[in-house]
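>>> Would you be able to build a 3D model of this:
(6 chains)
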6 protein chains.
Amino acid sequence: TQLSHVDETGRARMVNVSDKPHQRRRAVATGVLLCQPATLRALRKNALPKGDVLTVAQIAGIHAAKRTADLIPLCHPLALTHVAVEFRVRRDRIEITCTAETTGPTGVEMEALTGVSVAALTLYDMCKAVDRTMRIDQIRLLEKTKA
Amino acid sequence: TQLSHVDETGRARMVNVSDKPHQRRRAVATGVLLCQPATLRALRKNALPKGDVLTVAQIAGIHAAKRTADLIPLCHPLALTHVAVEFRVRRDRIEITCTAETTGPTGVEMEALTGVSVAALTLYDMCKAVDRTMRIDQIRLLEKTKA
Amino acid sequence: TQLSHVDETGRARMVNVSDKPHQRRRAVATGVLLCQPATLRALRKNALPKGDVLTVAQIAGIHAAKRTADLIPLCHPLALTHVAVEFRVRRDRIEITCTAETTGPTGVEMEALTGVSVAALTLYDMCKAVDRTMRIDQIRLLEKTKA
Amino acid sequence: TQLSHVDETGRARMVNVSDKPHQRRRAVATGVLLCQPATLRALRKNALPKGDVLTVAQIAGIHAAKRTADLIPLCHPLALTHVAVEFRVRRDRIEITCTAETTGPTGVEMEALTGVSVAALTLYDMCKAVDRTMRIDQIRLLEKTKA
Amino acid sequence: TQLSHVDETGRARMVNVSDKPHQRRRAVATGVLLCQPATLRALRKNALPKGDVLTVAQIAGIHAAKRTADLIPLCHPLALTHVAVEFRVRRDRIEITCTAETTGPTGVEMEALTGVSVAALTLYDMCKAVDRTMRIDQIRLLEKTKA
Amino acid sequence: TQLSHVDETGRARMVNVSDKPHQRRRAVATGVLLCQPATLRALRKNALPKGDVLTVAQIAGIHAAKRTADLIPLCHPLALTHVAVEFRVRRDRIEITCTAETTGPTGVEMEALTGVSVAALTLYDMCKAVDRTMRIDQIRLLEKTKA
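Below is the predicted model of the structure:
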């Protein structure tokens, strides 16, 4: 068991990816915002006709994924070639999925997880005036591939 | 039921806080990173003697809280007067708490929630090489006060 | 005739607002994106049902207005209390209006103008695959008040 | 007619450029700041001896071009290999040209247009104390090539 | 002897300034870039007629001072009301001075020091092709006042 | 003698690296923070057991190195593949070393120097309550290689 970001003396470090090959990489992450059913009914009634609330969260998630290396201290900067943020509105939750892709020396799971997290925070922000019980939950990696 | 960030035509909007009084405001948010117990034993053994992994996550959380308005599209910019990020390492999880304070026209719950989320993402990043099962969970507001 | 940002020796400078009173300030700016009518018919047909294209531009404009002092070198940082970006889709143009408000020592016209400019650039970006003739035009201040 | 940033259901999206070849790309954009002739005489008299006002705007334009992907939500991050911002001071206007270059999977017209826009806003900011009639106009793409 | 940013258990922390009065605050910092005399002769000959090199460094220093809280992890965000960066070109060095002002709950010495540092780095960048011996030196606080 | 960032007319410019080959590049920079010996004894006693003060400065230095092109106006954006920031605490000084690596068209000395500078500023910030005599000194390039 070896923590890649901790050296032999216990100090945090950035992993050196200078010798890693550039490969096409993709990651998918997911998470949920748990809400009161009444909140989602309000969202559907007022906002979904124009999709605005979800679009705001989608844009915030894409924006955050692009700047992951500026948020997570030991992440490497990467030029993402694709980011998608998608939502499913259920009875008592909004499911969020973020897909990130690049061609580079290191994987993009942190980019996908950051996209999900900031999209969830943005949904929370827009619904917080009507719902004090919300919870962001189950943020995890679904898939990570390289080719 | 009225979504504050959605106007009468269903368009997203920023709430106008121009007429709100400046008050001292404080919010506390919490969340957890669920891990394999072996991950946390590794963290304790390699990293906790110097506290590095937790310090990196603490700094990332404070940094993200300070720039919340740059991450969440409809949040108002606020000059935080205090941010604290704290951790408790349990058997199978790290509990994260973030406290944010300001004197201003609007509350700081998004700042506290953003601090928790980015601290959790940073812990995830540093442990991901040894643990593919981690999950960020239960991010929620604990307390919100003004005076 | 005196350029406020140029000192007596011709060097650029930031205006010192340390002694200016905090007042409530508001500015409204406007501009247009000129397009082919066919582009706007496509926008109406594909996108307006969900309002997505306009919402993306609205969010980009609000985001840019909030970070004006990070884009315009001699602008003072200001905590905006309100930003609104609105659109009117005409036959051959999209009219953009941005309103910014704060309580502070200096006006917010640059924030309003920056919001219009970045909203226009974002519309341009989303329509550029179908229209190579677009032009961003007539960006100007409509109104500036303090109280 | 197909808007590249709108999917078949009308939702905004980022174009996936993962499969596009890396090519050398270049774009040139232009725009003008319309002013009172007296403003430009003041600029010439006070500032042009040292070129400060134009240099400040040039630096702001280059800086903004480099961070285009952080301003325009659906733009891909790109490592620019060159940005140039140039001015011609006419009787009643300053003409602004921005050239951007990269080697990458997607074009750089948004970078060039963003450079022009922020350079124009910066000129506006520095002249606004003496001229309330200014207008930013005719921002458009002049040229876009790949090789 | 008590380090303000370290709590009783040795953990780093942000100082809580929620209870501090808003006062007018000012700080002045200084530093030098040591160069070969030939470098400064080249700077004088090519660049000083237009002042461009110094203006670029001035703008970079002002920009960095405004975003100090985004660079220094435990700094509080502050809305600066003034920043000035000035230079004196000597035989073998450029002396840099940065003045920062605000009205707020905490001092602005880090803003002044950050302005000096980034102005020095920018000068270094622009001269590095002709001088491999440069050194940034003697960055220190000259003055700190509140009223 | 030719300043690369100044064109034949004395205007600042960004160097065009569009035709430069992508090579592996590495740079090492160094600098010191001079302190009172009592400050470093306090640091050792309160903080070093957990290494917190140094870790905060290390993270700030890595973060700043990653965003060098956003701080230094004429620097090209580069995706760093490695950044390391290290410290040696002497009797009256902390020595700081930053190593940066990339594969790209231009060198990374500014990234290494920026990492040192911001790490030094962060140490200064955390010690400033107990020591008004500190000075940041001797920031210079130690080594620059390409392969």
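>>> hang on, A:Gly10 in a strand?
No. Applying DSSP: H, G, I helix; E, B strand; the rest coil, one finds A:Gly10 to be coil, outside a strand.
>>> what does chain A put close to chain F?
With Cβ under 8 Å from any Cβ of the partner chain as the criterion, chain A meets chain F at residues A:10-18, A:20, A:69-70, A:73-74, A:76-79, A:104-105. C-betas here are computed from N, CA, C, even on glycine.
>>> at 6 Å what do you get?
Neighbours of chain F within chain A, by Cβ under 6 Å from any Cβ of the partner chain: A:14, A:16-18, A:69, A:73, A:77.
>>> tell me which element A:Arg24 is part of?
Element membership of A:Arg24 [criterion: DSSP states H and E] is strand A:23-34.
>>> Please name the residues that touch A:His63.
A:His63 makes contact with D:Pro73 under the criterion Cβ atoms under 6 Å, 6 or more residues apart in numbering or on different chains.
>>> starting at the chain centroid, how far to stretch A:101-114?
11 Å (Cα atoms, centre = their mean, to the nearest Å).
>>> Show the end-to-end separation of that stretch, please.
13 Å (Cα to Cα, to the nearest Å).
>>> Same question for stretch A:95-115.
Separation of the first and last residues of stretch A:95-115 by Cα to Cα is 13 Å.
>>> could you give the mean pLDDT of it?
The pLDDT scores in stretch A:95-115 average 97.
>>> now chain A, which segments are flagged as low pLDDT?
A:1-2, A:46-51 (pLDDT under 70).
>>> Write out the residues of it neighbouring chain D.
When proximity is defined as Cβ under 6 Å from any Cβ, chain A approaches chain D at A:59, A:63, A:66, A:79, A:81-83, A:101.
>>> top of these by neighbour count?
Neighbour tally across the residues of chain A next to chain D (other Cβ atoms under 10 Å in any protein chain shown): the maximum, 29 neighbours, falls on A:Val83.
>>> Just list the residues touching A:Lys144, thanks.
A:27, A:107, A:109.
>>> Quick one: distance of the host helix or strand of it to the chain centre.
Secondary-structure element containing A:Lys144, defined by DSSP H and E: strand A:135-146. Centre-to-centre, strand A:135-146 and its host chain are 8 Å apart (Cα atoms, centre = their mean).
>>> returning to what we had before: adding neighbour count and distance to C:Glu95 as columns, could you present the contacts of A:Lys144 in CSV?
Putting those into CSV (neighbours: other Cβ atoms under 10 Å in any protein chain shown; distance: Cβ to Cβ, whole Å) gives the following:
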residue, neighbour count, distance to C:Glu95
A:Ala27, 23, 40
A:Gly107, 22, 44
A:Glu109, 24, 42
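>>> Closest one of those residues to chain B?
Closest approach to chain B among the contacts of A:Lys144 (Cβ to the nearest Cβ): A:Glu109, at 6.8 Å.
>>> Alpha carbons of stretch A:117-131, in CSV - could you do that?
The C-alpha coordinates for stretch A:117-131 follow below in CSV (Å, rounded to 0.1, in the frame of the first residue of the first chain):
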residue,chain,number,x,y,z
SER,A,117,-19.4,18.3,-7.3
VAL,A,118,-19.7,21.8,-8.6
ALA,A,119,-22.8,21.0,-10.6
ALA,A,120,-24.3,19.6,-7.4
LEU,A,121,-23.3,22.7,-5.4
THR,A,122,-24.9,24.9,-8.0
LEU,A,123,-28.2,23.0,-7.9
TYR,A,124,-28.0,23.3,-4.1
ASP,A,125,-27.5,27.1,-4.4
MET,A,126,-30.5,27.6,-6.7
CYS,A,127,-32.9,25.4,-4.5
LYS,A,128,-31.7,26.4,-1.0
ALA,A,129,-34.3,29.1,-0.5
VAL,A,130,-37.1,26.5,-0.6
ASP,A,131,-35.4,23.4,0.9
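>>> hang on, A:Val17 packs against F:Thr81?
Yes. Using Cβ atoms under 6 Å, A:Val17 is in contact with F:Thr81, at 4.8 Å.
>>> about what we covered before: let me know the closest of the contacts of A:Lys144 to chain E.
Nearest to chain E among the contacts of A:Lys144, with distances taken as Cβ to the nearest Cβ, is A:Glu109, at 24.6 Å.
>>> what about the longest helix in chain A?
Ranked by residue count, the top helix of chain A under DSSP state H comes out as helix A:109-127.
>>> who does that one touch, helix- and strand-wise?
In terms of contacts (3 or more Cβ pairs under 6 Å, 6 or more residues apart in numbering or on different chains; DSSP states H and E), helix A:109-127 is packed against strand A:23-34, helix A:52-66, helix A:68-71, strand A:93-104, strand A:135-146, helix B:109-127.
>>> okay, these in TSV with distance to C:Val89 next?
Shown next, in TSV, are the helices and strands packed on helix A:109-127 (distance: least, Cβ to Cβ, whole Å):
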stretch	distance to C:Val89
strand A:23-34	32
helix A:52-66	16
helix A:68-71	34
strand A:93-104	29
strand A:135-146	36
helix B:109-127	32
